[in-house]
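Chemist: pasting the sequence and the predicted model now:
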Amino acid sequence: MNFSITPAAEKFMRLMLRADGAPGSGFRLAVSPGGCSGLSAEISVKAEPGPGDAVVERNGVRLFLPAESRLLLNGVTIDFADTPSQTGFVFHNTNGPSCSSNRAATAVQ
């Protein structure tokens, strides 16, 4: 899968896994069409992948990605912004404009 994760996004994912996960848990990132960059995301920490999820590891972070997410993340850089005006994932899509997913901070279960 051709996508990358910035150090800021990786740090956020690790923080969430430490706070809500057990050993072997993963960060589930369900990306769907929508939002100003063409992508929106639902995130959660899960003990195991769901049916149809692929397990992808980046720098020791386990990601659980549904089939649609794997397709939509092609060529995307996943970043994380934490500023006074914005907190959440930012998808830098080489095929369109960049924008954030403000749902990131509220969708964690």
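Modeler: Received the coordinates, thanks.

Chemist: contact partners for residue 68?
Modeler: With contact set as C-beta atoms under 8 Å, 6 or more residues apart in numbering, residue 68 has these partners: 30-32. Heads up, the C-betas are built off the backbone N, CA and C, glycines and all.

Chemist: what do you get if the cut-off is 7 Å, keeping everything else the same?
Modeler: For residue 68, the set of contacting residues under the criterion of C-beta atoms under 7 Å, 6 or more residues apart in numbering consists of residue 32.

Chemist: pLDDT score for it?
Modeler: Listed pLDDT for residue 68 reads 91.

Chemist: state the helix or strand in which it lies.
Modeler: helix 67-72 (DSSP states H and E).

Chemist: how close does residue 81 get to residue 91?
Modeler: When distances are taken as C-beta to C-beta, to the nearest Å, residue 81 and residue 91 turn out to be 11 Å apart.

Chemist: more neighbours, the two?
Modeler: A count of neighbours by other C-beta atoms under 10 Å puts residue 91 above the other of residue 81 and residue 91, at 26 against 18.

Chemist: can you tell me the SS state at residue 74?
Modeler: Reducing the assignment to helix, strand or coil with DSSP: H, G, I helix; E, B strand; the rest coil, the entry for residue 74 is coil.

Chemist: would you enumerate the residues in contact with the residue lying closest to residue 11 once chain neighbours are set aside?
Modeler: Nearest-residue entry for residue 11: residue 80, 7.2 Å, with adjacent residues in sequence omitted and distances by C-beta to C-beta, 6 or more residues apart in numbering. With contact set as C-beta under 7 Å, 6+ apart, residue 80 has these partners: 8-9, 12, 89-90.
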